[in-house]
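*Asks:* here are the coordinates; sequence isn't available:
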């Protein structure tokens, strides 16, 4: 119970802080939409082409929007050493990780909805018929990406050049989630049945479990001195 | 590695603790025992190791050598137990600038697992006379008010050991008086107070025990009245300050 | 000293074997001999990352400075071998396949390992608080190592689902005995060199620590207190 209360308190705190200045979400959404916008000049956007390019476009936009969010998530914790303040309580470090993870997941989801909307509008592609499976794949991929992004955000907040350090740490580790998400999204957008890309969905589930558990266990060492 | 001898089972204790930052030794072979109800003044020049000492006692820093103990047990084998009984006031406020004092205290209280949180937060805000500014974001408050909110947060869970690192810095005169009164009162209520300040006379008027540090070592540890101030060079230091 | 001597001798014999003992490969010709450098370098790089992982786990469990030194040393030396693999790969690929690079499973995997080394070593040099860098590096070392097999699965499936632009000759499989012997002999020489370099690197770490301790002892006054 206490663990759940801590997770919820951290989650609500992050949302409240974000609501007061709205910088993180704004920058994530604007950046993601800009990526989509620039892609438009890089590729021909005929519908049959779109289906081959869209998954990659979506995940590149998600990935960059995410890096912005995770960076800010812990930059805010360094001001006034408030993360140290959290460490000084008897709360389980894993619960602090879980609270930050939920908040990042929430911000990512909002940014993704905005990015998907922009793609749908500019590339004349309707997500409605494939929404269920598309959400399943995207949700799992996002969870895996946020799981590693949250712990690496906490690590890179301790470094000089954290804006560079975070993607350098995160992208190589997130490659399996990235590949599986793109493959799964391709299947979903083509309207194929789940069985066709079930391997990728399973890989995403495995990725989420492995890195959620690992990060939960290791977060304690990230907070320590 | 369990410590070899431990006669008393309660309190905070450092045993032969050293802590290094590269070529610097912030603490060298420091041994210190802090019991319930004490009031301890930590004094020393800049860089003497006062901050590292307090950070080690409050569980944030782990000794490179030696043992940090809470109630006779290694602090880092169960840090949560020690953290529940320790309140720490650092140079940084630990407060979120975008949240109000009340929200900051509520968050801390939840993480400490406190019950009747609403009433406790209200009482803590009243103790430090910040009720009327309690619903403004911390960012908008003066340094003095922020420091009062910091104190309210540190004392919210009614800790037995209150560690304060230069708590008077940036406080207005009224807050200084309030804090002084608090530091005098707490030891009588069975609380332990450990603090550092640059102003020797101020510190000496608030504590019974003095710990003088220099270059990471404890130079003197004992009742204030027995401190050989001249041989410790404190008279000279005082003039410099 | 003995270790250095053995390493040099072993490497010299390995070079001799590469050029004079191993037979000329039928289709690729002389250029195939780079294989005896490329493959052992890759094996050593993967082995080194495993040592980084083991050192990191021991450091977190026991806080032993020696374990952290071992992880750091293995990462630095492993990075050199990984870079050799990444550089010799394209040098071989260009004449053999006609292209410098292709995103086939093995190449992608090698590049990923190289990136994991880069991120580990970058992190170690960019952490502000030296007291924290060992802890953070250990966390990154462990996550990175666990990521290797997950990545391997993902990349293999990904590449087998797509047509492969160029297929390299199946290394290791169906090797002629003389070639196989040369390969293993070279791998042994590389491991011996790796162990020598790690030992030297550990000796440097130990000297540095002694120097730090001596500096702390000799200049007890004017020091700044570090926070954070």
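*Replies:* Sure, I can see it. For clarity, every value in this text was computed on a predicted model and none was experimentally measured. Numbers count the residues shown, from 1 in each chain, chains lettered A, B, ... in the order given.

*Asks:* report the secondary structure state of the residue nearest in space to the middle of chain A.
*Replies:* Centrality entry for chain A: nearest residue to the mean C-alpha point is residue A:146, 4.0 Å, by CA atoms, centre = their mean. Of the three states, residue A:146 takes helix under DSSP: H, G, I helix; E, B strand; the rest coil.

*Asks:* against which helices or strands is whichever strand or helix holds residue B:147 packed?
*Replies:* In this structure, residue B:147 sits in helix B:143-155 according to DSSP states H and E. Helix B:143-155 sits against strand B:86-89, helix B:101-111, helix B:117-127, strand B:161-165, helix B:173-185, with contacts defined as 3 or more CB pairs under 8 Å, 6 or more residues apart in numbering or on different chains; DSSP states H and E. Every residue, glycine included, has its C-beta placed from N, CA and C.

*Asks:* still on that earlier bit, contacting residues for the residue nearest to the centre of chain A?
*Replies:* Contacts for residue A:146 (CB atoms under 8 Å, 6 or more residues apart in numbering or on different chains) come out as A:66, A:70, A:101, A:104-105, A:108.

*Asks:* neighbour-wise, which of the residues you listed leads?
*Replies:* Ranked by neighbour count under the definition other CB atoms under 10 Å in any protein chain shown, those are headed by residue A:70 with 30 neighbours.

*Asks:* close to chain A: what parts of chain B are there?
*Replies:* Contact residues of chain B with respect to chain A, defined by CB under 8 Å from any CB of the partner chain, are listed as B:55, B:58-62, B:79-81, B:83-84, B:86, B:88, B:90, B:92-99, B:103, B:106-108, B:110-113, B:137, B:153.

*Asks:* touching chain C at all, the helix or strand of chain A with the lowest mean pLDDT?
*Replies:* Of the helices and strands making up chain A, the lowest-confidence element is helix A:47-78, at a mean of 87, by mean pLDDT, DSSP states H and E. No - counting by CB under 8 Å from any CB, no contacts exist between helix A:47-78 and chain C, the nearest distance being 9.8 Å.

*Asks:* count the neighbours of the residue nearest to residue B:128 when sequence neighbours are not counted for me.
*Replies:* Take residue B:128 and drop its neighbours on the chain: the residue closest to it by CB to CB, 6 or more residues apart in numbering or on different chains is residue B:148, 4.2 Å away. Residues contacting residue B:148 under the criterion other CB under 10 Å number 25.

*Asks:* same question, residue A:131
*Replies:* Tallying neighbours of residue A:131 according to other CB under 10 Å, which is how burial is gauged here, yields 12.

*Asks:* for it, helix, strand, or coil?
*Replies:* Classification of residue A:131 into helix, strand or coil gives helix, according to three-state DSSP.

*Asks:* centroid residue for chain B?
*Replies:* residue B:163 (1.4 Å).

*Asks:* tell me what that residue is bridged to.
*Replies:* On the basis of DSSP bridges, residue B:163 takes part in beta bridges with residue B:88, residue B:194.

*Asks:* what's near enough to touch it?
*Replies:* The neighbours of residue B:163, taking CB under 8 Å, 6+ apart as the test, are B:54, B:57-58, B:86-89, B:194-195.

*Asks:* 7 Å instead, please
*Replies:* Applying CB atoms under 7 Å, 6 or more residues apart in numbering or on different chains to residue B:163 gives the contacts B:54, B:57-58, B:86, B:88, B:194.

*Asks:* can you put these in CSV and add distance to residue B:74?
*Replies:* Listed next are the contacts of residue B:163 as CSV, based on distance: CB to CB, whole Å:
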residue, distance to residue B:74
B:54, 19
B:57, 14
B:58, 15
B:86, 15
B:88, 19
B:194, 20
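
*Asks:* show me which of those residues is closest to residue C:39.
*Replies:* Proximity of the contacts of residue B:163 to residue C:39, judged by CB to CB, is greatest for residue B:58, which lies at 53.2 Å.

*Asks:* where exactly do the strands run in chain A?
*Replies:* In chain A, no strands are found when defined by DSSP state E.

*Asks:* most proximal residue of it with respect to chain B?
*Replies:* Minimum separation of chain A from chain B (CB to the nearest CB) falls at residue A:85, amounting to 2.9 Å.

*Asks:* name the nearest residue to residue B:179, ignoring sequence neighbours.
*Replies:* The spatial neighbour of residue B:179 that comes closest, neighbours along the chain excluded (CB to CB, 6+ apart), is residue B:167 at 6.1 Å.

*Asks:* ok, back up a step: adding distance to residue A:183 and mean pLDDT, write the helices and strands packed on helix B:143-155 out as TSV.
*Replies:* As requested, the helices and strands packed on helix B:143-155 are arranged in TSV below (distance: least, CB to CB, whole Å; pLDDT from 0 to 100):
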stretch	distance to residue A:183	mean pLDDT
strand B:86-89	50	96
helix B:101-111	41	96
helix B:117-127	48	94
strand B:161-165	54	96
helix B:173-185	61	90
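
*Asks:* any chance of the ones you listed in a markdown table, plus distance to residue B:232?
*Replies:* A markdown table is the format used below for the helices and strands packed on helix B:143-155 (distance: least, CB to CB, whole Å):
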| stretch | distance to residue B:232 |
| --- | --- |
| strand B:86-89 | 26 |
| helix B:101-111 | 38 |
| helix B:117-127 | 35 |
| strand B:161-165 | 21 |
| helix B:173-185 | 22 |
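
*Asks:* tell me which of the ones you listed approaches residue A:62 most closely.
*Replies:* Closest among the helices and strands packed on helix B:143-155, once you apply CB to CB, is helix B:101-111, at 29.8 Å.

*Asks:* contacts for that closest one?
*Replies:* By CB under 7 Å, 6+ apart, the list of residues contacting helix B:101-111 from outside reads A:5-6, A:9, A:13, A:16, A:86, A:89, A:91, B:95-96, B:117, B:120-121, B:124-125, B:130, B:133-135, B:138, B:149, B:152-153, B:156.

*Asks:* got the angle for it vs helix B:143-155?
*Replies:* An angle of 20 degrees separates the directions of helix B:101-111 and helix B:143-155 when computed by axes from the mean of the first three to the mean of the last three CA atoms, to 10 degrees.

*Asks:* least confident secondary structure element in chain C?
*Replies:* The element with the least model confidence among the helices and strands of chain C, by mean pLDDT, DSSP H and E, is helix C:130-161, at a mean of 89.

*Asks:* the helix or strand just after that helix near chain B at all?
*Replies:* Moving toward the C-terminus from helix C:130-161, the first helix or strand encountered (DSSP H and E) is helix C:177-218. Yes - with CB under 7 Å from any CB of the partner chain as the threshold, helix C:177-218 lies in contact with chain B, specifically through C:212, C:215-216.

*Asks:* make a PyMOL selection of the buried ones in these.
*Replies:* A single PyMOL command selects the buried members of the residues of helix C:177-218 next to chain B (16 or more other CB atoms under 10 Å in any protein chain shown):
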select buried, chain C and resi 212+216
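
*Asks:* need the residues of helix C:177-218 next to chain B in CSV with distance to chain A and pLDDT, can you?
*Replies:* CSV is the format used below for the residues of helix C:177-218 next to chain B (distance: CB to the nearest CB, whole Å; pLDDT from 0 to 100):
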residue, distance to chain A, pLDDT
C:212, 18, 87
C:215, 22, 86
C:216, 19, 84
